[in-house]
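> next come a sequence and a model predicted from it.
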Amino acid sequence: MKIYIAAIAASVLIAWIGTRTTAYRKRKRHWVLILLSALPLILLIGLRHYSIGIDSPAYYRWFYRIRNGIEPDVFEWLYVWLNKVIGKFDVEYTAMFLACAAIFCLPIFCRIFDDSPDIIMSIFLFWAARYYFVYFNLVRQMLSAAILLYSIRFIERKDLKRFILCVVIAAGFHSSAYAFAILYFISEVKIEPKAIALGSVLAMALSRTPLIAFIVRIMSDTKYEGYAESEGNLKRKLTENE
């Protein structure tokens, strides 16, 4: 745990120092501070051993298989393409892990620096709320989620083309991202807090009904079957896909 604390401490410290510089106040080289403050967290998950995380061993083995010309049918096109490009440089799997770590962290840090009223607290919460740690077990899903988080800026700016581009890129890592596209069209819908509370209660009630069994049944016929199963079965599925 000490190494995780050291990484977030370094990230927060770099951000704290950087946001107090004249260059930052004048918004010069804003991207440099984003990169430097994200770097400790990128390196930590990028340089980890391949055995850390439920699906990391499968990604490790598939990196070498893709590099050797084997086409997988369990991953989305952009993730496969990224493996192929990095594999052409005849590097080890760590390069792929680092690339994915950067794709995960940098969009999130961009959103934090652009929109957060308290940058230091937001970086800390990214780590402390365990959003950062979810990446260790759900790599492609979190890559997709990070890109979708960044895409919200284009909803706010009413820039449909760039928003859709982000959704397509995110879906290149995990196809579930396509469902996020609806957010652009319902962003103007006014929802009362009472309706949100009622919807939450209703969702919890439905989760205890045969509806969940129906959803699980549907998922069992897709490549996302593992998400409807226990952690133990998920590990088994990933091993089989290796």
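Yep, that arrived.
> all the helices of the chain, residue numbers only.
Applying DSSP state H to the chain gives helices spanning 2-18, 22-25, 30-46, 56-67, 77-87, 93-115, 119-128, 131-134, 139-156, 160-171, 182-186, 193-206, 210-219, 231-241.
> least confident of these, on average?
Mean pLDDT is lowest for helix 231-241 out of the helices of the chain, coming in at a mean of 46.
> still on that earlier bit, reformat the helices of the chain as JSON lines; add mean neighbour count.
Placement of C-beta: from N, CA and C, glycine included. Formatted as JSON lines, the helices of the chain follow (neighbours: other CB atoms under 10 Å):
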{"stretch": "helix 2-18", "mean neighbour count": "15"}
{"stretch": "helix 22-25", "mean neighbour count": "12"}
{"stretch": "helix 30-46", "mean neighbour count": "19"}
{"stretch": "helix 56-67", "mean neighbour count": "19"}
{"stretch": "helix 77-87", "mean neighbour count": "18"}
{"stretch": "helix 93-115", "mean neighbour count": "20"}
{"stretch": "helix 119-128", "mean neighbour count": "17"}
{"stretch": "helix 131-134", "mean neighbour count": "16"}
{"stretch": "helix 139-156", "mean neighbour count": "21"}
{"stretch": "helix 160-171", "mean neighbour count": "18"}
{"stretch": "helix 182-186", "mean neighbour count": "12"}
{"stretch": "helix 193-206", "mean neighbour count": "10"}
{"stretch": "helix 210-219", "mean neighbour count": "12"}
{"stretch": "helix 231-241", "mean neighbour count": "13"}
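> ok now do the spatially most central residue of the chain, which residues does it touch?
Nearest to the geometric centre of the chain sits M142, at 2.1 Å (CA atoms, centre = their mean). Neighbouring residues of M142 by CB atoms under 8 Å, 6 or more residues apart in numbering: 104, 134-135.
> which single one of those residues is nearest to I152?
Set against I152, the nearest of the contacts of M142 by CB to CB is F104 (16.2 Å).
> skip the chain neighbours and tell me the closest residue to that closest one.
Nearest in space to F104, with sequence neighbours left out and distances taken as CB to CB, 6 or more residues apart in numbering, is A146 at 4.9 Å.
> coming back round to it: okay, now the nearest residue to the residue nearest to the centre of the chain once chain neighbours are set aside: neighbour count?
In this structure, M142 finds its nearest non-sequential neighbour in Y135, 4.3 Å apart by CB to CB, 6+ apart. Using other CB atoms under 10 Å, Y135 is surrounded by 22 other residues.
> wait, what's in contact with Y135?
Residues near Y135 by CB under 8 Å, 6+ apart: 45, 101, 104, 142.
> need the contact list for the nearest residue to the first one once chain neighbours are set aside.
Right, the one you point to is I45. Using CB to CB, 6+ apart and skipping the chain neighbours, the partner closest in space to I45 is A101 (4.6 Å). By CB under 8 Å, 6+ apart, the contact list for A101 reads 41-43, 45-46, 135.
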